[in-house]
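S.K.: Next one to model:
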Amino acid sequence: MKVLVVPNYSRGDAITDAHRLSCWLGNRGVQCLIAAKGSQAPSEDFDIKDYGLVVSLGGDGTLLRAARIIGYTQVPLIGISYGHLGFLTSAGPGQMLSAVGDALAGGMHVSHRATLDVEAELDWPDGSTTIAHQFALNEVSITRGSRGDVIEFDVDVSGNYIDRLRGDGFIVSTATGSTGYALAAGGPIVTPEFAGMLCVPIAPHTIMARAFLTAPTDVVEVTMSEDRPAERCVFADGQPLGQGATLRRATVRRGQGDILLLDYSDKGFYGSVSRVFYGKAGK
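M.R.: Numbers count the residues shown, from 1 in each chain. Next up is the predicted model:
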């Protein structure tokens, strides 16, 4: 068994605990690698398929970084919360060793979290066009650029035309991402059991536009209008695709593999909803 640890390098306690966890695992005959700061993959010859568990030490942002390293390989992931929210994490620093031990022993619940694959058609200043592919666990967002101009775009779902919209942008989210950017833009909170996608306009210039859900097999296409050539950008879990390029079209579909998120209960999602959004500490 090999374990990858992904710490939040802006928190000294998470870094310290990463080394403490590495020693603890080594004493039990488990190989451990601590991901380097700032890189998506720990090294050039790194293969996530060689690992049996990934441990995120930080908040939800750190867990999203760990998820990007895992991609569609379905290596189990457990999050230990050192952040302010910790919606996706399953334990705190005081439970780190026991939680990782339970994960290695197969004693935790596995939550299958749907992922996204985004294909972005990008135009570059030199006149060339490229296609970029990116993984996302939370959402893909198409937004206005640095000048703040309203953007205009067409939305299609599996070949069915929905509408032409103007506004700040558009979000295509998983159920996991429903409690993030999509929620802030007015979308619903959705159980992780839902395997489709959420489509949420960002500040649309109409009262008619509403968030809607798709089937797991649907494909969402957002095509930028040539009538309004404003600057526009595309992000996957907050990471930009093609910095310096202009988005022409984004196609979003369900990813070919889920993230296997470990927690202690199949009711953990509702406990987090109660704690984070309703301020309840539990009965």
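S.K.: just so I have it, where are all the strands in the stretch 51-200 of the chain?
M.R.: 53-58, 77-81, 109-113, 116-123, 129-136, 139-144, 151-157, 160-167, 169-173, 198-202 (DSSP state E, counting those that start in this stretch).
S.K.: Could you figure out how far the first one is turned away from strand 77-81?
M.R.: For strand 53-58 and strand 77-81, the angle between their directions (axes from the mean of the first three to the mean of the last three Cα atoms, to 10 degrees) works out to 20 degrees.
S.K.: Could you list the low-pLDDT ranges of this structure?
M.R.: Low-confidence segments of the chain (pLDDT under 70): 39-41, 44, 84-85, 280-283.
S.K.: can you rerun that using 90?
M.R.: For the chain, the stretches with pLDDT under 90 are 37-46, 83-90, 145-149, 226-231, 242-244, 264-283.
S.K.: top helix in it by residue count?
M.R.: The residue-count maximum for a helix in the chain (DSSP state H) belongs to helix 12-26.
S.K.: Report the angle between that one and strand 53-58.
M.R.: Using the same axes, to 10 degrees: helix 12-26 against strand 53-58 is 160 degrees.
S.K.: List the buried residues for the helix or strand following helix 12-26?
M.R.: Scanning forward in sequence from helix 12-26 by DSSP states H and E, the next helix or strand is strand 31-34. Neighbour counts using 16 or more other Cβ atoms under 10 Å place Cys32, Leu33, Ile34 of strand 31-34 among the buried residues. C-betas here are computed from N, CA, C, even on glycine.
S.K.: Would you reformat those as a markdown table and include distance to Gly86?
M.R.: Shown next, in a markdown table, are these (distance: Cβ to Cβ, whole Å):
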| residue | distance to Gly86 |
| --- | --- |
| Cys32 | 22 |
| Leu33 | 24 |
| Ile34 | 20 |
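S.K.: Looking at these, which one is closest to Lys267?
M.R.: In terms of Cβ to Cβ, no member of the buried residues of strand 31-34 lies closer to Lys267 than Cys32, at 30.7 Å.
S.K.: hang on, that closest one packs against His19?
M.R.: No. Counting by Cβ atoms under 8 Å, Cys32 sits too far from His19 to count as a contact (9.5 Å).
S.K.: on that earlier part again, from the buried residues of strand 31-34, pick the one nearest Gly268.
M.R.: The nearest one, if we look at these relative to Gly268 and count by Cβ to Cβ, is Cys32, at 25.5 Å.
S.K.: what's next to the longest helix of the chain, contact-wise?
M.R.: 3, 5, 7-9, 31-32, 34, 55, 57-58, 62, 80, 82, 93, 96-97, 100 (Cβ atoms under 8 Å, 6 or more residues apart in numbering).
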